[in-house]
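Engineer: this is a predicted model, with the sequence first.
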Amino acid sequence: MVPVFFGVTLVAFGFIRVLPGDPVEVLAGERGVSPERHAELLAQLGFDKPLWQQYFSYIGDIFQGDLGTSLITNRPVVEEFFELFPATAELGLCAILFALIIGIPAGIIAAIKRGTWIDQGIMSISLTGYSMPIFWWGLLLIMLFSNTLNLTPVSGRLSFLFDVPPVTGFMLIDTLLSDEKGSFLNALHHLVLPSIVLGTIPLAVIARQTRSAMLEVLSEDYVRTARAKGLSTYRVVAIHALRNAMITVVTVIGLQVSLLLAGAILTETIFGWPGIGKWIIFSVFSRDYFAVQGGLLLIATSIMIVNLIVDLLYGFINPRILHQKSKS
Amino acid sequence: MSTTSNASTSIRVQQWQEFWFYFSASKTAVAGLIFLILVILMALFADVISPHGPAEQYREFAKLPPAWVEGGQLQFFLGTDYAGRDMLSRIIHGSRLSLLAGCVVVVLSMSIGVLLGLIAGYRGGWIETLIMRVMDTIMAVPGLLLALVLVAILGPGLLNAMVAIAITYTPSFVRLTRASTLSELNRDYVTASKVAGAGPARLMFISILPNCMAPIIVQGTLSFSTAILDTAALGFLGMGAQAPIPEWGTLIAENRDLIMSAPWTVTFPGIAILLAVLAINLVGDGLRDALDPKLKRS
C-alpha cells in the first residue's frame, strides 16, 4: 500500500508538470498576464524550483494535510473533497445495496435452477446489464421515469423547496434529523434512478459471481451430507451453502469500489449529482490543476482504504484465512 | 521434414476442431459470434450499405422520426437528427470507429502487457518489483478517471482516448501473464528447452508464451468490449472523438438535448453500443468455457 501511495503521488505530481499550459494561465483566464508577472506568479507557486525540490515540498505538504488550493473556487482541495465525498458515498452505498438485494437472490435462484429457462433468463439479463453503456442507460431512465411518467426528479439530491442543514452530509440521514416534513421521501426519490444506474453493472457482476460460487459450493460433499440428512432445500441453501458462497461475493464487492467510482463520474454527470465524480470531471475540464492533483490522490487513497477494510472483513467471513495465518 | 510439418498441421487442425466442439456447444456464444461478424462486415462495407453519407445534411428533413412512426420516411429508416443527418448511416459509420477503438486498445494494451508480464515473471528480482509496483499504481486510480486525466494531458480526440484507455488496461494483462509465466517457469519442458541451449528470448516467446495464451485471449476479448464502452463514455464526456465524427458515444452526447423532442437520436446509438458489447461478451464467455481446461473435464 505504501509504495502504491507514493506511486500515486508521483502520478498526481507529474500530471501538473506534463499538462500543456500552467496554473497561472488558468488563474489569469482570458485577460492574460505580462511575461514578468507570469514568472513572478509561477515563482509564488514554487514552480521555479528544481523538480525534485518541488516534489519534496509537495510530499511535505501532503503529510500536513495540505493538498493545495483550487484555482477556480480558491478553497482548500481537502475541504472541497470532504464536503462532496458524502454525496458520492451515499450514492455508491445505495447502488451497492441495490445490486446486493437483487443480485444475490438472482444468482442463488439461477444456481438452484441451473440449466432451466429461469437460469438462462437471469443470466441473459445480467449479461445485458454487464454490457450496458451506463450513461445511455441513465438518459433512457430519465426519459422514461422523469420526463414521460413524471415519477422521479431529473437531477440533484433534494428539491429546492426544502431547507435541510448539512449535518453528516448524507442526505437520507440529514433529512431524518431535520424537521422538514416529506424531505426524507424527497431525498429518497432523488436517489432512486442514480442508484439503479450506478448499481447496474455491479448487480450483473454480483449475480454472475453468486451463481458460479453457489454452483461450486452446492457440489461439495458437506452439502450432499446436509441433503442426505434430510434437510430442506431452503435450509441447505440458506444456511449451509450461502455462507461459503458469500466469501467469493465479498471479494467481488471489494473489486467493485474502483469501478463504482469510475461509474460515479458518468452517473453524477448525467444526474447533476453534486459529488466527487462531477467535481473531478469539472476540475479536469476547467484545468484546475491543484484540484485534479489532490482529487486523484484522495480518490486513490479512499479506494485503497476501502480495499483494506474489505480484506479485514474477509477474515471475519472466512475464518480459514485467520487460522492459516495464526498457524504459520 | 514434411512428415513432421504434416503431423503438426494435423495436430493444429485437431486442436481447432476440439476448440470449436466446445465453443459451439454454447448456442449463445455462436449467436454472439454471428452477430459480431455481421457488425464487422457492416463496418467494412459501411460506404456500400449505408443509405446516405454520415455527414450529409438534409435540412428539410431535420428531426424526422423512424420510418415505422407516423411522419417517418422509409429513406431515413431510423430517423434523422437536428441537422437532418440520417441516424442509420451515422450509426453504421460509427461501428468502424468503435470496432477500431476496441482493436487498437486491445492490441496496444495486450502487446505491452504481455511483454512486461513475461519479463516480470521470467526475470524476477528488482525488474519484477518495479514493473508490478508501476502496475499497482495504475490500478489504484479508477480506469475512466485515469483515462480522462491522460486525455487532458494528450488533448481530446479519438486516438488519444484509445491510447489513454490502453494504458489503463495494461496492468490486467501484465498480472495475468506474469502469473501464468510463474506457473510455467519450472515445468519440465521449459527446463528441457533451457538445457537444449535456448536463450531467454526463445524461452519466453516460443516455449512459455504459447502455454499462457488461453487466459490472455479471454481477457483480450473481455477488454475489447469494455474498450468500446470506455471509448463511448469518453466520447460522451466530450473527451473522445469530437463532435461531427459519428462515434457512438459522441452521437449520444451531441443529441443529448434532443432527448425529449427526438428521443430516437439518443436511443439508437445506445442500442448499437449495447448490442455490439453484448455480442462480444457472449463470445468472450464462450471462449472462456472452451479454453478453460477445468471446465472441460467436468
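Structural biologist: Ah, there it is.
Engineer: how much space separates the residue most central in space within chain B from chain A?
Structural biologist: Residue closest to the mean C-alpha point of chain B, counted by CA atoms, centre = their mean, is B:Phe224 at 1.6 Å. The gap separating B:Phe224 from chain A is 12 Å, by CB to the nearest CB, to the nearest Å. (C-beta placed from N, C-alpha, C; glycine too.)
Engineer: is that residue located within a helix, as I assumed?
Structural biologist: Yes: counting by DSSP: H, G, I helix; E, B strand; the rest coil, one finds B:Phe224 located in a helix.
Engineer: quick one: residues contacting the closest residue to it other than its chain neighbours.
Structural biologist: Excluding its sequence neighbours, the residue lying closest to B:Phe224 (CB to CB, 6 or more residues apart in numbering or on different chains) is B:Gly102, at 4.5 Å. By CB atoms under 8 Å, 6 or more residues apart in numbering or on different chains, the contact list for B:Gly102 reads B:Phe224, B:Ser225, B:Ala227, B:Ile228, B:Thr231, B:Ile280.
Engineer: go on, B:Ala227?
Structural biologist: B:Ala101, B:Gly102, B:Val105, B:Val106, B:Met162, B:Ile165, B:Ala166, B:Tyr169.
Engineer: so what's it closest to, chain neighbours aside?
Structural biologist: Nearest residue to B:Ala227, sequence neighbours excluded (CB to CB, 6+ apart): B:Val105, at 3.8 Å.
Engineer: what's the burial count for that neighbour?
Structural biologist: Number of residues near B:Val105 (other CB atoms under 10 Å in any protein chain shown) recorded here: 26.
Engineer: same check on the one 4 residues further on?
Structural biologist: If you count neighbours by other CB under 10 Å, B:Ser109 ends up with 26.
Engineer: over to A:Ser70?
Structural biologist: 23.
Engineer: so who does it touch?
Structural biologist: When contacts are taken as CB under 8 Å, 6+ apart, A:Ser70 is in contact with A:Pro76, A:Val77, A:Glu80, A:Ser283, A:Asp288, A:Phe290, A:Ala291.
Engineer: per-residue pLDDT, it?
Structural biologist: As predicted, A:Ser70 sits at a pLDDT of 84.
Engineer: and the residue lying closest to it once chain neighbours are set aside, how far from chain B?
Structural biologist: Excluding the flanking residues, the one nearest A:Ser70 by CB to CB, 6+ apart is A:Ala291, at 4.6 Å. A:Ala291 sits at a distance of 12 Å from chain B (criterion: CB to the nearest CB).
Engineer: which SSE is A:Ala291 in?
Structural biologist: helix A:289-317 (DSSP states H and E).
Engineer: surely the residue nearest to A:Ser70 meets A:Ile72?
Structural biologist: Yes: using CB atoms under 8 Å, A:Ala291 is in contact with A:Ile72, at 7.2 Å.
Engineer: got a list of what the closest residue to chain B within the stretch 101-250 of chain A touches?
Structural biologist: Residue nearest to chain B within the stretch 101-250 of chain A (CB to the nearest CB): A:Trp136, separated by 3.4 Å. Neighbour list for A:Trp136: B:Phe236, B:Ile252, B:Val266, B:Pro269, B:Gly270, B:Ile273, B:Leu274 [criterion: CB under 8 Å, 6+ apart].
Engineer: switch the cut-off to 7 Å
Structural biologist: B:Ile252, B:Gly270, B:Ile273 (CB atoms under 7 Å, 6 or more residues apart in numbering or on different chains).
Engineer: where does B:Thr168 land on pLDDT?
Structural biologist: Predicted confidence (pLDDT) for B:Thr168: 92.
Engineer: doesn't B:Ala147 make contact with it?
Structural biologist: Yes: with contact defined as CB atoms under 7 Å, B:Thr168 and B:Ala147 form a contacting pair (5.3 Å).
Engineer: now do the SS call for the residue lying closest to B:Phe61 once chain neighbours are set aside.
Structural biologist: In space, and not counting its chain neighbours, B:Phe61 is closest to B:Gly84: 4.8 Å by CB to CB, 6+ apart. Here B:Gly84 is coil, with the state taken from three-state DSSP.
Engineer: distance of the residue nearest to the centre of chain B from A:Ile239?
Structural biologist: Distance, B:Phe224 to A:Ile239, using CB to CB, to the nearest Å: 41 Å.
Engineer: for the contacts of A:Ser70, give me TSV that also has pLDDT and neighbour count.
Structural biologist: What follows is the contacts of A:Ser70, written out as TSV (pLDDT from 0 to 100; neighbours: other CB atoms under 10 Å in any protein chain shown):
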residue	pLDDT	neighbour count
A:Pro76	89	17
A:Val77	89	25
A:Glu80	89	23
A:Ser283	88	26
A:Asp288	83	25
A:Phe290	85	21
A:Ala291	88	26
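Engineer: quick check: the two most widely separated of those?
Structural biologist: Across these, no pair lies farther apart than A:Pro76 and A:Ser283, at 13.7 Å, counting by CB to CB.
Engineer: the contacts of B:Ala227 into JSON lines, with extra columns for secondary structure?
Structural biologist: Below are the contacts of B:Ala227 laid out as JSON lines (three-state DSSP):
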{"residue": "B:Ala101", "secondary structure": "helix"}
{"residue": "B:Gly102", "secondary structure": "helix"}
{"residue": "B:Val105", "secondary structure": "helix"}
{"residue": "B:Val106", "secondary structure": "helix"}
{"residue": "B:Met162", "secondary structure": "helix"}
{"residue": "B:Ile165", "secondary structure": "helix"}
{"residue": "B:Ala166", "secondary structure": "helix"}
{"residue": "B:Tyr169", "secondary structure": "helix"}
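Engineer: which bits of chain B sit near chain A?
Structural biologist: For chain B, the residues found near chain A under the criterion CB under 7 Å from any CB of the partner chain are B:133-134, B:136-137, B:140-145, B:148-149, B:152-153, B:225, B:229, B:232-233, B:236-237, B:252, B:256, B:259-260, B:263, B:266, B:270, B:273-274, B:277-278, B:281-282.
Engineer: pLDDT weak spots in the stretch 1-150 of chain B?
Structural biologist: B:1-5 (pLDDT under 70).
Engineer: for chain A, what's the nearest residue on it?
Structural biologist: Closest to chain A within the stretch 1-150 of chain B is B:Thr137: 3.0 Å, counting by CB to the nearest CB.
Engineer: excluding chain neighbours, what is closest to that residue?
Structural biologist: Going by CB to CB, 6+ apart, B:Thr137 has A:Gly7 as its nearest residue, at 3.0 Å.
Engineer: do I have it right that the one you found meets B:Leu130?
Structural biologist: No: in this structure, A:Gly7 is not within contact of B:Leu130 by CB under 7 Å, at 10.7 Å.
Engineer: which one of the two has more residues nearby?
Structural biologist: Shown here are A:Gly7 and B:Leu130; by other CB under 10 Å, A:Gly7 has more neighbours (20 against 11).
Engineer: which other helices and strands contact the helix or strand encompassing that one?
Structural biologist: Using DSSP H and E, A:Gly7 maps to helix A:2-18. The contact analysis (3 or more CB pairs under 7 Å, 6 or more residues apart in numbering or on different chains; DSSP states H and E) places helix A:2-18 against helix A:51-63, helix A:289-317, helix B:125-140, helix B:143-154.
Engineer: pull the distance from stretch A:260-272 to the chain's centre.
Structural biologist: Mean-position distance between stretch A:260-272 and its chain equals 9 Å (CA atoms, centre = their mean, to the nearest Å).
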